[in-house]
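Chemist: here you go, sequence then predicted model.
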Amino acid sequence: MIPNSIPDVIRVLLVDDDEEDYLIIKHLFASMKSIDSKLEWASSSDEAIEKICAATHDIYLIDYRIDGRTGLDVLQEVRAIERLEPFILLTGVGDLDIERESLQLAASDYLVKKNLTSESLARALYYALGRKEQEKQKINHLLEINRSKDEFISIASHQLRTPVTTVKQYIAMVLDGHAGDLSEKQQRFLDKAYKSNERQLSIINNLLKVAQVDSGAYNLARQRIDVSEIVKSAAEDFTPIFASNNQTISSSYDIKAEGMVDESAIRMIIDNLLENACKYSRPQSNTHIAVALKFGMIEVSVDDHGVGVNEPDKLFKKFSRIENELSTEVGGTGLGLYWAQSVARLHGGDLIYEAHDTGSKFKLLLPSVK
Amino acid sequence: MINGDMNKNSVLIVEDDVDLREAYVMILESENIDVHAAENGKVALGLLAEKGDPGIIFLDLRMPVMNGIEFLEAYKPELHKDTHVVVFSNYDAKKEIDDAYDLGAERYVLKARAAPKELIRIVRTILA
């Protein structure tokens, strides 16, 4: 059975530095009865990589040995695993280890050159193309499921917001004395209920923000803005918050750091970093926020003297909460840093973590404009 | 909350969730503010035609019968210079909020963020 999406004329790229082998394979293609094909030849790995990246072929045949490198190097360099076209590895002799490795790098098949006939080659092409087609359908199906999951999260979170907002209003009304005087105990219990409800709201808000970023629905409203100005205003707003925890915040700005950024998104990232610094630091400690230009990038660094991060690998993963001596006390959703890094990357920048002896340092990198 | 005509010191709440609507009315009444309420855009339009313009309209966006955007299209805030429209919604969809601004809304407040004190503060600032 031939899957109907296989093209009428199959465009094949052969990667082989041996002209004699090319001529033999060309001959095999010419004598194929069942397939119409157009064979192109790349005689070096560099030429091959360039042609593969241009993505104008339906299938690639790659010799295992090619100008001192291997076909596996080529597979790795062109990220065969992310490609929709099949890659078939050709080799002089069968070797189980190479075969295993080529499969790991997403080669569709592995053919021994000396056993090739035009018929076996044609069959290999058909099967590889057919399997890729099925893969494509599966991927589309999974993408569809993923999309509806994002949509579900968005709808569910929006729906959840209304009752949670209502609870907030009524508890606040009672706390504000609209329903009469409260005993000290009633006040304390309701305070706890209110805070818990606020935490629920923040989880819902974060879920929504993450769903937006994940589904690609987050559109940046970019403007030419001096990032130092955003940082200055954040540092000012956070001064009383740090003070209420008996901590301090200091800042430094070397230069004018202009970038094409979404002001409110960047402000949210900075707020997130400062909130974390405040939450995970002990009383009497200082957090320093600085803006600098480095290698054409704007670098906003937040340097705290807090408890540090035990498992930095997990920091930017969704829902990962890292245990430390303060984490159970301060709460958190495990979504903030994931969101912040995603949005930094949407800007063409990044958010990275650096450990140091006396705490944590987060660096927000953003492309600068002159 | 059966009130007379609306004037520049009145507040109109347009909100479909009955519990939330009642909460807002109670909060503002406790501050001796003249409050009126409607459960959707259509009821709000009727109320405005009958009782005149308030100083502030708190407008939810997602409502049955007539939503907030449709209400703004019909009401045309630019023809009511003394009435301030504050969009009060829990749907922070950027497109919808941008549309509301284009149609004459002056502010957007995420309902979930506004505690009673914040609601009162908004009213006091605008009506001051």
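Modeler: Looks like it arrived, so ask away. Residues are numbered from 1 along each chain as shown, chains lettered A, B, ... in the order given.
Chemist: so what's the residue count around residue 101?
Modeler: All of this refers to chain A. 17 (other C-beta atoms under 10 Å in any protein chain shown). All C-beta spots, glycine's among them, are computed from the backbone N, C-alpha and C.
Chemist: let's do chain B instead
Modeler: Quick note: B:Tyr101 (other C-beta under 10 Å) scores 15 neighbours.
Chemist: helix, strand, or coil at A:Ala290?
Modeler: With DSSP: H, G, I helix; E, B strand; the rest coil as the basis, the three-state label of A:Ala290 is strand.
Chemist: kindly apply the preceding question to A:Lys363 instead.
Modeler: strand.
Chemist: over to B:Tyr108?
Modeler: strand.
Chemist: give the contact list for the residue nearest to it when sequence neighbours are not counted.
Modeler: Using C-beta to C-beta, 6 or more residues apart in numbering or on different chains and skipping the chain neighbours, the partner closest in space to B:Tyr108 is B:Val87 (4.6 Å). B:Val87 makes contacts with B:Leu59, B:Leu61, B:Gly68, B:Ile97, B:Ala100, B:Ala105, B:Arg107, B:Tyr108, B:Val109, as judged by C-beta atoms under 8 Å, 6 or more residues apart in numbering or on different chains.
Chemist: only whichever of those are buried, select them in PyMOL.
Modeler: The buried subset of the contacts of B:Val87, as determined by 16 or more other C-beta atoms under 10 Å in any protein chain shown, is captured in PyMOL by this line:
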select buried, chain B and resi 59+61+68+97+100+105+108
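Chemist: pLDDT added to the contacts of B:Val87, as JSON lines?
Modeler: Below are the contacts of B:Val87 laid out as JSON lines (pLDDT from 0 to 100):
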{"residue": "B:Leu59", "pLDDT": "95"}
{"residue": "B:Leu61", "pLDDT": "90"}
{"residue": "B:Gly68", "pLDDT": "92"}
{"residue": "B:Ile97", "pLDDT": "85"}
{"residue": "B:Ala100", "pLDDT": "90"}
{"residue": "B:Ala105", "pLDDT": "91"}
{"residue": "B:Arg107", "pLDDT": "88"}
{"residue": "B:Tyr108", "pLDDT": "89"}
{"residue": "B:Val109", "pLDDT": "88"}
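Chemist: show me where the chain dips below the pLDDT cut-off.
Modeler: Let's take chain A. Scanning chain A for pLDDT under 70 picks out A:1-5, A:321-332.
Chemist: not what I meant, chain B
Modeler: Checking chain B against pLDDT under 70 turns up B:1-3.
Chemist: so which bits of it are right by chain A?
Modeler: For chain B, the residues in contact with chain A (C-beta under 8 Å from any C-beta of the partner chain) are B:17, B:19-20, B:23-24, B:26-27, B:30, B:90-92, B:94, B:111-112, B:115-117.
Chemist: swap the cut-off to 7 Å and go again
Modeler: B:17, B:19-20, B:23, B:26-27, B:30, B:90-91, B:94, B:111-112, B:115-116 (C-beta under 7 Å from any C-beta of the partner chain).
Chemist: kindly list the longest helix within chain A.
Modeler: Counting by DSSP state H, the longest helix found in chain A is helix A:118-175.
Chemist: and that one, how far from the chain's centre?
Modeler: 16 Å (C-alpha atoms, centre = their mean, to the nearest Å).
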